[in-house]
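A.B. asks: here's my sequence, what's the structure:
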Amino acid sequence: METQSFSTPVQYNKEKNFPQLEMSIFRRITEKPWEETDSRVESLHTKSFRAHDRKVALYIFLCVVGSVFFLLFAATHMRIALATDWVPMPEPFLLWVNSVVLVAVSMALEFSRRLVNTNRDGQLVFFLGGVLTVLFLVLQIVVWSELITLGYAAQRNPSNAFFYVLTALHALHLLGGMIAWCRAFWRMRKRDADYAHFRLSVELCAIYWHFLLLVWVVILALFVST
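C.D. replies: Presented below is the predicted three-dimensional model:
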């Protein structure tokens with residue numbers, strides 16, 4: 001009798017807890033660990049990973065762009081080493097003026113970023129950076145026109161072709177950056193704009209222009225040294 005009275009409650013409890021155990025197993029089987037829940041996403045952004053998504057995306061993009069330019073630089077060096085028909089291009093004075101303009105653009109955007117980070121109005125300086133970028137692109141077209149007029153067309157020599165490819169690709173990236181610049185400037189002009197949002201936009205523009213300035217310096221050094 002004692003054995004029966006002891007075994008009956010145990011059997012009853014197992015039968016009672018069986019549906020809960022079955023639901024727990026089903027929940028674990030159907031769990032999707034690759035999908036982030038809201039709590040996991042919040043922990044990712046606020047604790048272990050403090051960089052903003054847009055900034056991370058920009059850094060990844062710059063790594064890709066830098067790889068493309070690096071491959072072109074390597075191809076230029078190999079073409080110089082393997083060929084005897086490499087004729088150095090002239091260095092128009094306007095090319096150096098254009099370089100100074102690009103340095104001024106980078107300085108203007110950096111100064112604007114610092115003003116915005118210290119809660120001051122950097123709208124005018126940011127606008128100046130965009131205007132100088134347009135001036136750089138216009139002067140670059142003038143430089144290409146002068147070189148072609150002097151007989152340094154792309155098909156005449158490998159050095160000409162590499163110069164036009166590298167500088168044109170650099171100009172295309174500046175044009176793409178101007179789209180982001182226009183969006184950032186539009187956010188700065190809105191009175192009800194989110195301050196943190198357009199502050200991040202100004203910072204991303206500054207980073208992007210600093211990178212393109214570095215690429216431009218490498219392009220100049222590459223062709224001046226040959």
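
A.B. asks: pull the longest helix from the chain.
C.D. replies: The residue-count maximum for a helix in the chain (DSSP state H) belongs to helix 158-189.

A.B. asks: the next helix-or-strand element following it vs helix 158-189, what angle?
C.D. replies: Counting by DSSP states H and E, the element after helix 158-189 in chain order, helix or strand, is helix 195-224. Between helix 195-224 and helix 158-189, the angle comes out at 170 degrees (axes from the mean of the first three to the mean of the last three C-alpha atoms, to 10 degrees).

A.B. asks: in helix 195-224, what counts as buried?
C.D. replies: Going by neighbour count (16 or more other C-beta atoms under 10 Å), the buried part of helix 195-224 is 198-213, 215-216, 219-220, 222-223. (Each C-beta comes from the backbone N, C-alpha and C, glycine too.)

A.B. asks: residue 65 sits in which helix or strand?
C.D. replies: Assigned by DSSP H and E, residue 65 falls within helix 53-82.

A.B. asks: contacts for the following helix or strand past that helix next, please.
C.D. replies: Where DSSP H and E defines the elements, the next helix or strand beyond helix 53-82 is helix 93-117. Residues outside helix 93-117 that contact it (C-beta atoms under 8 Å, 6 or more residues apart in numbering): 121-123, 125-126, 128-129, 132-133, 135-136, 139-140, 142-143, 146, 198-199, 202-203, 205-206, 209-210, 212-213, 216-217, 220.

A.B. asks: so for helix 93-117, what's the average pLDDT?
C.D. replies: Confidence for helix 93-117, expressed as mean pLDDT, is 93.

A.B. asks: and it, how far out from the chain's middle?
C.D. replies: Distance of helix 93-117 from its chain centroid, counting by C-alpha atoms, centre = their mean, to the nearest Å, is 18 Å.

A.B. asks: angle of that helix against helix 158-189?
C.D. replies: Computed by the same axes, to 10 degrees, the angle separating helix 93-117 from helix 158-189 equals 30 degrees.

A.B. asks: what's the first helix or strand after helix 93-117?
C.D. replies: As assigned by DSSP H and E, the chain's next helix or strand after helix 93-117 is helix 123-149.

A.B. asks: quick check: angle from that following helix to helix 93-117?
C.D. replies: Angle of helix 123-149 versus helix 93-117, following the same axes, to 10 degrees, is 160 degrees.

A.B. asks: now helix 123-149: buried residues?
C.D. replies: Using 16+ other C-beta under 10 Å as the test for burial, helix 123-149 gives 123, 125-130, 132-133, 136-137, 139-140, 143-144, 147.

A.B. asks: that helix packs against which elements?
C.D. replies: For helix 123-149, the packing partners by 3 or more C-beta pairs under 8 Å, 6 or more residues apart in numbering; DSSP states H and E come out as helix 93-117, helix 158-189, helix 195-224.

A.B. asks: switch the cut-off to 6 Å
C.D. replies: Under the contact definition 3 or more C-beta pairs under 6 Å, 6 or more residues apart in numbering; DSSP states H and E, helix 123-149 sits against helix 93-117, helix 158-189.

A.B. asks: quick one: buried residues of the last one?
C.D. replies: Buried residues in helix 158-189, counted by 16+ other C-beta under 10 Å: 158-160, 162-164, 166-167, 169-171, 173-174, 177, 181, 184-185, 187-188.

A.B. asks: understood, closing this out.
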